[in-house]
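In: compute the structure for the input listed below.
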Amino acid sequence: MARSDTMISSSAWAKLRQLQPRLQRLAILYGGLFLLMSFVLTWLTPGLAYGAKGVVGGDFLAFYTAGDMALQGQALDAYDFEAFDAALQTRVANEHLGMMWQYPPLMFFVVSALALLPYKLSLWVWLTATAGAFIWALNRILVSEAPEAASRRMTMLLILTSPLALMVVTSGQISLFTAALLMTAVYRPGQHWLVAGVAAGLLTLKPQLGVLIPFAFVATGAWRAFGAAAITALVLHTASVVAFGPETIAAFFNAVLRLQSDVAGSGTHTPPVNMTTLFGQLRYWQVPSGVAMAFHLGLAVFVLISVTWLWRKHRGDEARALYLAALVGAGAILVTPYAYAYEMAALAPAAIWLAFRSGRYAGLAIGVLSAGWLLLTVRAYVPLDLLIQMPFLVSLETFLLLLFADRKAPNPKAATV
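Out: Coordinates of the predicted model:
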């Protein structure tokens, strides 16, 4: 009987594998149509408002508004909630916006350029440019890790049309760019120390995503990358202080404290819905903030120790370069208490490793990837998040699967996507 069950299971798995190319093409078609529809709706929508609460470009409104304020010599006012909200309201009269500006002054260099263009054109220039950086970083990894050109193209298309990328498009966020910087910083930092260090320094645009990078650099002895990151960050932030005034630094830190207070408190402007973190999940369950933060810090310490230990364990092992990058990407959106689903673009290296390098667990890995794609896609139409938020579930299971695969498959071989 057991043998019969095994044969049935093997047969079902074989049929599923045969369907895989069709499912992949269907996923790409769905994602492509979604992108096309988003582009068309941007231009067909009169003004910038979608109904009562929606905004064309989502969070891009905050980037564009901050850039315009900087061009008008009002960069400091962007950190004042009332002044920033008033500026937002001049573009979209919506009392539910609740957006805050808590990026370092360095970001003004980026968003000021965006504000030189009309809003909708600027939005798609923004999305195209950040996607270009993401594609470059992905291709840099795929050229080294994927043996066949056809597999590389398929993987690239699957990631670009997956929820990991589509969530960024709908939110108008910077996450494709920050994911590109994160991938570049932690993929072979010893060998490519300059590009890794510059990328890590640039990632201080959104410093909470780079918490694990210095630990990884120290664990693997990537001292030149560490130094390049420090110099890059110092030069760029000094330039921003010169350009926008030293008072913007103090205003930035005050804005961060205000953000932390809101995250840990009422969550009025930072609701725990759609987060990738344990803190967000527990707050979603109405767990008191102090208790939620304590549990979150416990998980964050576990992630930090795991990443540091594995980077030290595989120090100098070039065959593990993608695996180590995947660990940092998956861990980055778990260690910070404040991370939303659009940050899941950082999981791209994990998706590549699980598909190509997870050895005899490749079948399980591809199954998990497919399930994650399905859950993140269907949740837009079905209330799957009532019990547990899918972004947190997918992020956590990805990190745990990476830990499991390292323990069980120490000598992975390439697999075909």
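In: all contacts plus neighbour counts: C-alpha atoms, from now on.
Out: Fine.
In: hang on, T336 packs against P207?
Out: No: taking contacts as CA atoms under 8 Å, T336 lies outside contact range of P207: 10.0 Å.
In: so for the two, which residue has more residues nearby?
Out: Neighbour comparison, T336 and P207: the larger count goes to T336, with 19 against 14 (by other CA atoms under 10 Å).
In: element containing A70, please.
Out: helix 60-71 (DSSP states H and E).
In: elements contacting that helix?
Out: Applying 3 or more CA pairs under 8 Å, 6 or more residues apart in numbering; DSSP states H and E, we find helix 60-71 packed against helix 81-89, helix 107-114.
In: and the last one, what does it pack onto?
Out: Translated: helix 107-114. Using 3+ CA pairs under 8 Å, 6+ apart, helix 107-114 sits against helix 60-71.
In: okay, the angle between the helix or strand harbouring L138 and helix 60-71?
Out: For L138, the element it lies in under DSSP H and E is helix 119-145. Our comparison of helix 119-145 with helix 60-71, counting by axes from the mean of the first three to the mean of the last three CA atoms, to 10 degrees, yields an angle of 110 degrees.
In: in helix 119-145, what counts as buried?
Out: Using 16 or more other CA atoms under 10 Å as the test for burial, helix 119-145 gives 119-120, 122-124, 126-127, 130-131, 133-135, 137-139, 141-142, 145.
In: try stretch 105-123
Out: 105-109, 111-112, 114-115, 119-120, 122-123.
In: could those residues be laid out in CSV, adding pLDDT and distance to A350?
Out: Shown next, in CSV, are the buried residues of stretch 105-123 (pLDDT from 0 to 100; distance: CA to CA, whole Å):
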residue, pLDDT, distance to A350
P105, 97, 31
L106, 97, 29
M107, 97, 28
F108, 98, 31
F109, 97, 31
V111, 97, 30
S112, 97, 33
L114, 96, 31
A115, 97, 34
Y119, 96, 34
K120, 96, 33
S122, 97, 31
L123, 97, 28
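In: out of the residues you listed, who's nearest A365?
Out: L123 (35.0 Å; CA to CA).
In: can I assume that closest one is in contact with G172?
Out: Yes: using CA under 8 Å, L123 is in contact with G172, at 7.4 Å.
In: anything in contact with each of the two?
Out: The contact sets of L123 and G172 overlap at G57, F60 (CA atoms under 8 Å, 6 or more residues apart in numbering).
In: surely Q281 touches L393?
Out: No: judged on CA under 8 Å, Q281 makes no contact with L393 at a distance of 9.3 Å.
In: show me which of the two is the more surrounded one.
Out: Q281 (25 against 18).
In: can I assume the more buried one sits in a strand?
Out: No: counting by DSSP: H, G, I helix; E, B strand; the rest coil, Q281 is located in no strand; its state is helix.
In: so what's it scoring on pLDDT?
Out: On pLDDT, Q281 comes in at 95.
In: same deal with the one 10 residues further on?
Out: Predicted confidence (pLDDT) at V291: the value is 95.
In: report the buried residues of the strand or helix carrying it.
Out: Using DSSP H and E, V291 maps to helix 289-313. Applying a neighbour-count criterion of 16+ other CA under 10 Å, the buried positions in helix 289-313 are 289, 292-293, 296-297, 299-300, 303-304, 306-312.
In: chain center to it: distance?
Out: From the chain centre to the centre of helix 289-313 is a distance of 18 Å (CA atoms, centre = their mean, to the nearest Å).
In: circling back to that earlier point, among the buried residues of helix 289-313, show me the least confident.
Out: For those, the pLDDT minimum is S289, 91.
In: quick one: that residue and D262 touch, right?
Out: No: using CA under 8 Å, S289 makes no contact with D262, being 10.6 Å away.
In: just to revisit the earlier point, closest to G58 among the buried residues of stretch 105-123?
Out: L123 (9.8 Å).
In: show me what contacts the closest one?
Out: Listed by CA under 8 Å, 6+ apart, the contact partners of L123 are G57, F60, G172.
In: separation between it and V301?
Out: Note on L123: its distance to V301, by CA to CA, to the nearest Å, is 37 Å.
In: please apply the same query to A229.
Out: Taken as CA to CA, the span from A229 to V301 is 23 Å.
In: and if you look at V211?
Out: The separation that V211 has from V301, given CA to CA, amounts to 12 Å.
In: between the two, which contacts overlap?
Out: V335.
In: please name the nearest non-neighbouring residue to G31.
Out: What sits nearest to G31 in space, not counting adjacent residues and going by CA to CA, 6 or more residues apart in numbering, is T161, at 4.3 Å.
In: ok, how many other residues are close to the one you found?
Out: Count around T161 with other CA under 10 Å applied: 20.
In: ok, residues contacting the helix holding A70?
Out: Residues outside helix 60-71 that contact it (CA under 8 Å, 6+ apart): 55, 75-78, 84, 87-88, 99-101, 108, 110-116, 119, 123, 171-173, 244.
In: can you find the helix or strand in this protein with the smallest mean pLDDT?
Out: helix 2-44 (a mean of 73; mean pLDDT, DSSP states H and E).
In: circling back: adding distance to L41, write the buried residues of stretch 105-123 out as TSV.
Out: Formatted as TSV, the buried residues of stretch 105-123 follow (distance: CA to CA, whole Å):
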residue	distance to L41
P105	32
L106	32
M107	28
F108	28
F109	29
V111	23
S112	25
L114	20
A115	21
Y119	14
K120	11
S122	15
L123	13
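In: closest one of the residues you listed to L44?
Out: K120 (10.7 Å).
In: can you tell me the centre-most residue of this protein?
Out: E343 (2.5 Å; CA atoms, centre = their mean).
In: can you tell me the closest non-neighbouring residue to that residue?
Out: Closest to E343 by CA to CA, 6+ apart is S175, at 5.5 Å.
In: and that neighbour, how far from K120?
Out: 19 Å.
In: also V211?
Out: From V211 to K120 the distance is 33 Å (CA to CA).
In: do V40 as well
Out: Taking CA to CA, one finds V40 at 11 Å from K120.
In: likewise for L282?
Out: Distance of L282 to K120, given as CA to CA: 37 Å.
In: kindly report the same for A326.
Out: 34 Å.
In: repeat that for L164.
Out: Remark: distance between L164 and K120 (CA to CA) = 23 Å.
In: next: L48.
Out: 8 Å.
In: hmm, back to that, what's the average pLDDT for the helix holding A70?
Out: In this model, helix 60-71 has an average pLDDT of 97.
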